[in-house]
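[1] Mind looking at a prediction? Sequence and model below.
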Amino acid sequence: MTGSAGPPPVEVVEFTDPLCPWAWGSEPVFRALRAALGGRVRWRRAYAILFDEDDDPPPDPTAETAWYARYVEEISAHSEAPRALRLSRVAASSWPASLVAKAAERQGAEVADRVLRRLRESVFVLGEPADTVALALSAARGTPGLAPERLAADAASEAVLRQVRADRAEARRPVPEVLAPGGGSPHPGAAKETADGGRRYALPTLLFRSPEGCRAVPGWRPFEEYAAAVDALRPGLLGAAAPLRPARALERYRSLSDPERRLLTKGAWPPAHAVRVDTGNGPLWLHPDEAAVHPATAR
């Protein structure tokens, strides 16, 4: 995700999970931040595994699903992110989606971004979390530029498994600044206690690193807090990304929520060719080429 020949001056580590509702709600700001940074940083995703394989199964899956659907609804009231009209179940595991997302990185940043987007949409638009390898691969099907056979092979490889294990371990070594963060966010992002008594980053958390130091911005935050972290390490690195015309934004991103199109575009909305997908919290807008292969339009 870099555009320069030499080492970028700042590394951004995004601690995330494909199935995390707060990470989904942060996508508008993260897309705007990546646009403003313009490839002048190394942006790396570390998959923290929100739903782990050793988590105890719920005694009453129906009640657990109803509770979690209300939880997502509460989060979407803050983030204004789309949510599924009906959630089929709570995800059994984040491992399959994380393995597929990590495997997609081997096919380039653009493919990886689009595959991760589809994985997020599996739960927050379709209500069918991609919590098996088969479902995760199916969610990615039709992504432009994706080699599906290679994705399946890489997701099943020892190399990708080692990478995700390393991500999970890294997420469980939080910097001291996130143990008791301040701010008035509904999700300030204090590090979470793990079953073994340790800590992991709350999701999402962005960690900015440079030779000048390190800044952590945990939880759900406005664009200005991320910009301040960049400026503290490398003043002037953050550019001013001009808003895109609606049709150009839809062509670039292929899938836009209302919060995203308000933040990233300027002009009359929607474009004439946009395909609207209704959710439980506002529409999702698809480019027609995306709509032709998107699971939401196949129903």
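    The structure has been received and is ready for your questions. Numbering: from 1, shown residues only.

[2] Only C-alpha atoms from now on, for both contacts and neighbour counts.
    OK.

[3] List the buried residues for the helix or strand hosting Arg120?
    Here Arg120 sits within helix 109-124, counting by DSSP states H and E. Across helix 109-124, burial judged by 16 or more other C-alpha atoms under 10 Å covers 110-112, 114-124.

[4] now do stretch 49-63
    49-51.

[5] Could you do stretch 224-242 as well?
    By 16+ other C-alpha under 10 Å, the buried positions in stretch 224-242 come out as 226-227, 229-230, 233-234, 237-238.

[6] Name the nearest of the residues you listed relative to Pro61.
    Nearest to Pro61 out of these is Tyr226 (C-alpha to C-alpha; 37.6 Å).

[7] Please, which helix or strand holds that closest one?
    Using DSSP H and E, Tyr226 sits in helix 223-233.

[8] got the angle between the next helix or strand after the helix holding Arg120 and helix 109-124?
    Next along the chain after helix 109-124, taking DSSP H and E as the criterion, comes helix 133-140. Helix 133-140 and helix 109-124 meet at an angle of 110 degrees, taking axes from the mean of the first three to the mean of the last three C-alpha atoms, to 10 degrees as the criterion.

[9] With just CA atoms, put whichever helix or strand comes after helix 133-140 into CSV.
    Counting by DSSP H and E, the element after helix 133-140 in chain order, helix or strand, is helix 148-155. In CSV, the C-alpha atoms belonging to helix 148-155 read as follows (Å, rounded to 0.1, in the frame of the first residue of the first chain):
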residue,chain,number,x,y,z
PRO,A,148,-9.9,-17.7,-6.7
GLU,A,149,-7.9,-21.0,-7.0
ARG,A,150,-4.8,-19.2,-5.7
LEU,A,151,-6.8,-17.6,-2.9
ALA,A,152,-8.1,-21.0,-1.8
ALA,A,153,-4.6,-22.6,-1.9
ASP,A,154,-2.9,-19.7,-0.1
ALA,A,155,-5.7,-19.6,2.6
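
[10] Need the residues that contact helix 148-155.
    Here helix 148-155 makes contact (C-alpha atoms under 8 Å, 6 or more residues apart in numbering) with 99-100, 102-104, 137, 141, 160-161.

[11] ok, now stretch 258-277?
    27-29, 32, 80-81, 243-247, 249-250, 282-288, 291, 296-297.

[12] In helices, which of those appear?
    Counting by DSSP state H, the part of the contacts of stretch 258-277 found in helices is 27-29, 32, 246-247, 249-250, 288, 291.

[13] What does the pLDDT read for the residue of the chain most remote from its centre?
    What lies farthest from the middle of the chain is Pro59; by C-alpha atoms, centre = their mean that is 29.2 Å. Looking at Pro59, its pLDDT reads 91.

[14] Count the neighbours of the closest residue to Glu177 other than its chain neighbours for me.
    In this structure, Glu177 finds its nearest non-sequential neighbour in Ala216, 6.8 Å apart by C-alpha to C-alpha, 6 or more residues apart in numbering. Residues lying near Ala216 (other C-alpha atoms under 10 Å) number 21.

[15] so Ala216 bridges to which residues?
    Beta-bridge pairing for Ala216 (DSSP bridges): Leu207.
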